[in-house]
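**Q** Dropping the sequence and predicted coords here.
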Amino acid sequence: MRLRPHHLLCTQGYSGKGYSPEFVKNMDAVVRRLRTEQKTPIELVFSTDDLCSCCPDMLACDLCRENEKVKRFDRKTAEYFGLEEKTYIYQELTAHIRSHITPEILEDICGGCSWYPVSACRKNITGKK
């Protein structure tokens, strides 16, 4: 499975909402796998990934309708948590993120996301509402 850096946060905060029925169906399947398997290898990529593949905002490989914003989310996530393009175990990586994140870091990364105010991100990732 391929995931971009900021999707490490999205998959933890996901609560069943999405951009389109196709996107939600794909996101449901990906998140279900990540939340039920014990050691899921993921390839961290700084480009479009398995979640982007069903997003109506994806225009082409490595090109989103809101590309600047998406790249900023990825850059900040990678910088805060020392991430590189390589294979990780999802559950270990998200545990590392949760142990180092603060509400301020999450706000800095995700504050411009339209899903941030209506998702379970703050509660699921930082333990705070």
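**A** Structure's in. What do you need?

**Q** From here on, just use CA atoms for contacts and neighbour counts.
**A** OK.

**Q** how far does stretch 74-82 sit from the chain's center?
**A** Between the centre of stretch 74-82 and the centre of its chain there are 12 Å (C-alpha atoms, centre = their mean, to the nearest Å).

**Q** What's the mean pLDDT across it?
**A** The average pLDDT within stretch 74-82 is 98.

**Q** what sits up against it?
**A** Stretch 74-82 has contacts (C-alpha atoms under 8 Å, 6 or more residues apart in numbering) with Arg4, Pro5, His6, Phe46, Leu83, Glu84, Ile97, His100, Ile105, Ile109.

**Q** quick one: low-confidence parts of this structure?
**A** 129 (pLDDT under 70).

**Q** what about the helices in it?
**A** Along the chain, counting by DSSP state H, helices occupy 7-13, 21-36, 67-81, 90-100, 103-110, 121.

**Q** highest average neighbour count across those helices?
**A** Most buried of these, by mean neighbour count (mean count of other C-alpha atoms under 10 Å): helix 121, with a mean of 23.

**Q** Quick one: list the elements packing against it.
**A** With contacts taken as 3 or more C-alpha pairs under 8 Å, 6 or more residues apart in numbering; DSSP states H and E, helix 121 sits against helix 7-13.

**Q** Quick check: chain neighbours aside, which residue is closest to Cys54?
**A** Nearest non-adjacent residue to Cys54, counting by C-alpha to C-alpha, 6 or more residues apart in numbering: Phe23, 4.9 Å away.

**Q** so that neighbour touches Asp57, yeah?
**A** No: under the criterion of C-alpha atoms under 8 Å, Phe23 makes no contact with Asp57, lying 10.2 Å away.

**Q** Ala29: which of the contacts of stretch 74-82 is nearest?
**A** Of all the contacts of stretch 74-82, Arg4 has the smallest distance to Ala29: 16.7 Å, by C-alpha to C-alpha.

**Q** Count residues in the vicinity of that closest one, would you?
**A** When neighbours are defined as other C-alpha atoms under 10 Å, Arg4 has 26 of them.
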